[in-house]
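# Below is the sequence, then the predicted model.
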Amino acid sequence: MDYFDFKNGELYCEDCRVLDIEKEVGTPFYLYSAKTLERHFKAYEDALHGIPHLVCFAVKANSNLAVLRFLGELGAGADIVSGGELFRALKAGISPSRIVYSGVGKTGEEIKEALNSGVLMFNVESTGELEKIGEVSRTIGKAAPISFRVNPDVDPKTHPYISTGLEENKFGLPVDEARRAYEYASRNEEFLIRGISCHIGSQLTEVSPFVDALKRVLSLVDELEKKGIKIEYLDMGGGLGIKYDNESPPLPEEYVKALKTTIGSRDLKLILEPGRSICGNAGILVTKVLYKKKTPKKAFLVVDAAMNDLARPSLYKAFHEIVPVVEQDAKMSTFDVVGPICETGDFFARSRSLPEVNPGDLLAIRSAGAYGFTMSSNYNSRPRVAEVMVYGDKFKVVRRRETFDDLIRGETFFHE
Ligand SMILES: Cc1ncc(COP(=O)(O)O)c(C=O)c1O
Ligand SMILES: N[C@@H](CCCC[NH3+])C(=O)O
């Protein structure tokens, strides 16, 4: 459930009228609901009540500082995958002791930065990375807290681009290799074994792949325990899906219950790294209809947002619900909703039934709070849009729209 509702035929975010926000900010803009973020975060906290745990929000889903600060103040840690995300999480006031660092390509510099800051653990994804971490650890004279990310070879039944726990995916170590890596790391004082981790994919709509993966991870935990290698943290990654269209993904409560049952009486602290299920439905992208265009074959609504602002439909053919910000009685027609970018792939919806809106009308593209702004770019030299956060009856621009000057910052005219 989110807090984007219609009152008297107009879309509100919490107690703010979207039309009023648009008047001040202009389109396009991302709009986030703090109350929805809180509700979704608390759903995890409630589900995990009584279990030693840490919810590390996946920064890649939404890295806006206000969002991170808000979640951090509610008690969230962070799951990061780059030096930039470390910088953001720390700037937002998240304690390094609540930060886990995942990702297959951490550079020496990034590792050094994270080790110096005191992150909770590196989720190590290859033996090459382990060597690099060892090297950095020796250089700065500080043991590195690690977990190995295990690739359990489980099909998460999601879009192939966002499936990460299959043998052919680049992520994690196969179980046998992870076992050897733990044995090696346990004999070396550069490493401090803290945990084990796993993340099998994103937008999962069933619990069973998580449970299958967990069983494989737990059998390794048990084996390691017998060898005297104690695992303190079990990090099950993120991946819980949300409703974009007609999916009915499990709620955190059902998901955590299944994990808890599978873990049984083992003495483990549970880390989860949810991204989408916290912020996905806490955000919309508001855009304006520029033109209505008819060709012999199609009717298009050309809007002022584009694939550079929200890439998911173009990249994954992802469905996002689109609604007019002011409810219309007009008859329904079938439209392609497209942006101004010079690519046929620049669309938000194809053959979508929508009321006959007009140029100047606003549309809300729903479920855009995760992997929306964070995947945006300046393609076609389009300044990135503003981000606005609603807190009850107040709203705040938490990132201003980029200017043309922002576009060329750091560039020079040297051409020889
Ligand atoms: C390691 C890791 N953790 C957490 C996440 C967050 O996933 P989601 O947004 O699906 O919860 C991802 C992205 O899929 C990831 O790669
Ligand atoms: N970017 C993807 C999710 C990627 C998850 C990252 N491991 C999406 O928009 O659905």
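Thanks, I have it. Numbers count the residues shown, from 1 in each chain. Ligands and ions are numbered 1, 2, ... in the order given.

# how many other residues sit next to the nearest residue to Pro324 once chain neighbours are set aside?
Distances taken as Cβ to Cβ, 6 or more residues apart in numbering place Val357 nearest to Pro324, at 5.3 Å, with adjacent residues excluded. C-betas here are computed from N, CA, C, even on glycine. Using other Cβ atoms under 10 Å, the number of residues around Val357 comes to 22.

# what mean pLDDT does stretch 167-175 have?
Here stretch 167-175 scores 91 as its mean pLDDT.

# going forward, begin numbering at 6 instead of 1
Noted, 6 is the first residue going forward, which turns the last one into stretch 172-180.

# Would you mind listing what in the stretch 206-355 of the chain touches ligand 2?
Ser207, Gln208, Arg317 (Cβ under 6 Å from any ligand atom).

# Where does pLDDT dip in the stretch 156-305 of the chain?
Low-confidence segments of the stretch 156-305 of the chain, defined by pLDDT under 70, are absent.

# Helices of that one, start to end?
Taking DSSP state H, counting those that start in this stretch, the helices of the stretch 156-305 of the chain run over residues 180-191, 213-231, 257-268, 281-284.

# out of the ones you listed, deepest packed?
Most buried of the helices of the stretch 156-305 of the chain by mean neighbour count (mean count of other Cβ atoms under 10 Å) is helix 281-284; its value is a mean of 29.

# okay, that one in CSV with CA atoms only?
Output in CSV follows, covering the C-alpha atoms of helix 281-284 (Å, rounded to 0.1, in the frame of the first residue of the first chain):
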residue,chain,number,x,y,z
ARG,A,281,12.6,-2.1,-4.4
SER,A,282,10.1,-3.4,-1.8
ILE,A,283,10.9,-0.4,0.4
CYS,A,284,11.0,2.4,-2.1
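
# Run the chain-centre distance for that helix.
Relative to its parent chain, helix 281-284 has a centroid offset of 7 Å by Cα atoms, centre = their mean, to the nearest Å.

# Repeat that for stretch 185-202.
Distance, stretch centre to chain centre, for stretch 185-202: 28 Å (Cα atoms, centre = their mean).

# For ligand 2, what's the nearest residue on the protein?
Here the residue of the chain nearest ligand 2 is Tyr376; by Cβ to the nearest ligand atom that distance is 3.1 Å.

# pretty sure Tyr37 belongs to a strand, no?
Yes - judged by DSSP: H, G, I helix; E, B strand; the rest coil, Tyr37 forms part of a strand.

# ok, now which ones touch the residue nearest to Pro329?
Residues in contact with Val362, defined by Cβ atoms under 8 Å, 6 or more residues apart in numbering, are Val294, Lys297, Leu306, Pro329, Gln333, Ala335, Leu368.

# which one in those residues is the model shakiest on?
Pick the lowest pLDDT in the contacts of Val362 and you get Ala335, at 83.

# middle-most residue in the chain, spatially?
By Cα atoms, centre = their mean, the mean C-alpha position of the chain lies nearest to Ala66, the distance being 2.0 Å.

# mind checking how far Gly82 is from Ile276?
To Ile276, Gly82 is 8 Å away according to Cβ to Cβ, to the nearest Å.

# and for these two, which residues touch both?
Leu59, Val60, Cys61, Val105.

# what's near enough to touch the first one?
The neighbours of Leu59, taking Cβ under 8 Å, 6+ apart as the test, are Gly82, Arg103, Leu125, Tyr238, Lys274, Leu275, Ile276, Leu277.

# Recalculate using a threshold of 6 Å.
Contact analysis of Leu59 by Cβ atoms under 6 Å, 6 or more residues apart in numbering lists Gly82, Ile276.

# for Val226, same thing?
The contact partners of Val226, taken as Cβ under 6 Å, 6+ apart, are Ile201, Ile236.

# which residues are in contact with the longest strand seen in the chain?
Determined from DSSP state E, the single longest strand within the chain is strand 288-299. Applying Cβ under 6 Å, 6+ apart, the set of residues contacting strand 288-299 from outside is 9, 32-37, 305-310, 315, 362, 364, 366-371, 373-374.

# just to revisit the earlier point, nearest to ligand 1, out of the helices of the stretch 156-305 of the chain?
helix 281-284 (3.6 Å).

# can that closest one be found next to ligand 1?
Yes - using Cβ under 6 Å from any ligand atom, a contact is recorded between helix 281-284 and ligand 1, made by Arg281, Ser282.

# how much space is there between the residue nearest to Val222 when sequence neighbours are not counted and Lys302?
Spatially, and ignoring its direct neighbours in sequence, Val222 is nearest to Cys203 (5.0 Å; Cβ to Cβ, 6+ apart). Cys203 sits 47 Å away from Lys302, taking Cβ to Cβ as the criterion.

# No further questions, thank you.
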